[in-house]
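Enquirer: Structure here, sequence nowhere to be found:
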């Protein structure tokens, strides 16, 4: 019997080692922040009916240590989420928990392997220990007794690893399972392409490609419209972003910037701009990816109740759904036992919200953790959330949001592959989690109150200048053919519609006005003097353009001393650096006049260029006619005199 068990155990270890070697990459894939790293730890130890569980932990160890000793300490299982947070913080100080079991794995001196593996047997039987298989250069067997009855062993245990000669401790979480899971948690992952993605371009592109490879895993990606303009400027990032959204299970979400003052816009009479704020990101994202964003909207910053009301009114045709940072709520759900369900916000009708789990999201950006350690901590924390109500059959959700630049391909592969075989949680699309049937389930409240953000004041100058800027920008963007320039100007306006003081807002409005002025300054009129041969001849007008796009304009001619049979307002398209117009004239009055020329947008709201041109009209004065008649008389007299003299000379001969 023992021989068969030993043979089975050896075979199991070989399989586990082969999986560990292939599935979890070496430290070169991750961010090497210490001489040693925890590359991978099995997240779950499933106790057999005999009360034994087998897990592996894989480490990278400096090549200078040819005989490393790795210590393993298992603490008593966690009972409060605050204890989980203590471990998630990656603090080297042990939590205030007692030790359940401890041991050390001694590796022999031999050829230096790329990694070292501890094959750990957890024993809840209390039976006499049996002999362990012999160690190898890269593998050491270790048995730890849990000192508990099989069913009472279930839970999440902090595990501390230490490498001899290193002051750094590796904290992890290990879940011991003895029964089946009633209802796994629904984990929805949101990857945020933020401004850091451009400054960490290589890492972001690699992470997006790794996310794109998870074609059978539901997940979401998002970026605000300011970042999307930067994404559009980078071929590598644009391609990776679009590629990551090719799977139908990968959702594109809209995320307006954190500082947009939706409530202030509504109160100041700019309700249309609330809609524009929400649509800008959607239009840009669709143009980049070919995908239309789905619900919900992902909000950041600290929106007020008035802002949420404005958003719901802008989405009047449908039920509004938003994801909020849990820091926006008076009571962060992760600090309670009533997390994991959608809720309503008091005073905001037709709105359903979910909160991002901050402690779990922060694990991904906590410095000093290896990719394998992050995975073990996250999966262990998810299992603990399950154990807060292990018999609850209602669906509970966990939303994790993180910058894409903070991810690595190793973590993406390790975490999502672990989640796919994790009985306590499963990857889920975000939209179904907003179902009204989940509101107020599992004892959670139906409403969650928002914290009160600082009051954002709009001055009369803000309102007046923004109103003018919106009108002029709309007039100009409707006239040009460049979508990129039009979008850039619209974003410049949108970035001025933010929370803050009137002075700060006015500065942003002025910056957006300057952006429009810079485009208008690309157009001018040749103001050189013009001489017309006479009334009825064509008037030449030349318009100059430095813009790399076409624009439809109206040329207005203003004078009361010259008429234009085809009208004094001429519609034309400026599609080259020089546009020459020939305009028929009639009924000239006088010989000199000043012609006022204006070039405007089709609706006349914006003047692109204006000039005063001096026009001289030759041959239209009385003196001119007299001089011409006198010249004809002189010419006729000369001709008669010459002819008479020639005739007289012939007769004399």
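Expert: It's in. Because the structure is a prediction, the values reported are computed rather than measured.
Enquirer: What separates the first and last residues of stretch 386-404, distance-wise?
Expert: 27 Å (Cα to Cα, to the nearest Å).
Enquirer: ignore the last one, stretch 532-539
Expert: For stretch 532-539, the first-to-last residue distance is 7 Å (Cα to Cα).
Enquirer: what stretches of the stretch 51-200 of the chain score poorly on pLDDT?
Expert: 90-95, 165-167 (pLDDT under 70).
Enquirer: can you give me the helices in it?
Expert: Listed in chain order, the helices found in the stretch 51-200 of the chain under DSSP state H, counting those that start in this stretch are 81-88, 196-199.
Enquirer: Out of the ones you listed, which is closest to residue 345?
Expert: For residue 345, the closest of the helices of the stretch 51-200 of the chain is helix 81-88, at 23.9 Å, according to Cβ to Cβ. Placement of C-beta: from N, CA and C, glycine included.
Enquirer: Quick one: list the elements packing against the closest one.
Expert: Helices and strands touching helix 81-88, by 3 or more Cβ pairs under 8 Å, 6 or more residues apart in numbering; DSSP states H and E, are strand 155-163, strand 169-177, helix 358-365, helix 371-387.
Enquirer: These: which one's closest to residue 537?
Expert: Closest to residue 537 of these, according to Cβ to Cβ: helix 358-365, at 73.6 Å.
Enquirer: Residue for residue, what is the longest strand this structure has?
Expert: strand 607-617 (DSSP state E).
Enquirer: Partner strands of that one and their direction?
Expert: Sheet pairing of strand 607-617 (DSSP bridges) gives strand 530-532 (parallel), strand 592-600 (antiparallel).
Enquirer: closest to residue 479 out of those?
Expert: strand 592-600 (9.1 Å).
Enquirer: Show me what the closest one is in contact with.
Expert: Contact with strand 592-600 is made by 523, 525, 530, 539, 541, 543, 553-559, 561-562, 606-617, as judged by Cβ atoms under 8 Å, 6 or more residues apart in numbering.
Enquirer: Taking the residues you listed, please make a ChimeraX selection of just the buried ones.
Expert: Burial among these is assessed by 16 or more other Cβ atoms under 10 Å; the matching ChimeraX selection reads:
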select :523,525,530,539,541,543,553,554,555,556,557,559,562,606,608,609,611,613,615,617
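Enquirer: which stretches of the stretch 301-450 of the chain have low pLDDT?
Expert: The stretch 301-450 of the chain contains residues with pLDDT under 70 at 317.
Enquirer: Show me the helices in it, by range?
Expert: Using DSSP H, counting those that start in this stretch, the helices of the stretch 301-450 of the chain run over 305-314, 358-365, 371-387, 409-420.
Enquirer: possible to save those helices as JSON lines with distance to residue 159?
Expert: Formatted as JSON lines, those follow (distance: least, Cβ to Cβ, whole Å):
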{"stretch": "helix 305-314", "distance to residue 159": "42"}
{"stretch": "helix 358-365", "distance to residue 159": "16"}
{"stretch": "helix 371-387", "distance to residue 159": "8"}
{"stretch": "helix 409-420", "distance to residue 159": "16"}
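Enquirer: where's residue 572, which helix or strand?
Expert: Using DSSP states H and E, residue 572 sits in strand 569-574.
Enquirer: ok, the residue nearest the centre of the chain to residue 113 distance?
Expert: Geometric centre of the chain, nearest residue: residue 223, 1.5 Å, by Cα atoms, centre = their mean. For residue 223, the distance to residue 113 (Cβ to Cβ, to the nearest Å) stands at 42 Å.
Enquirer: list the contacts for the residue nearest to the centre of the chain?
Expert: 192-194, 197, 231, 241, 255, 281, 285.
Enquirer: Filter those down to the buried ones.
Expert: 192-194, 197, 231, 241, 255, 281, 285.
Enquirer: Just the residues you listed: which are in strands?
Expert: Per DSSP E, the buried ones among the contacts of residue 223 map to strands at residue 192.
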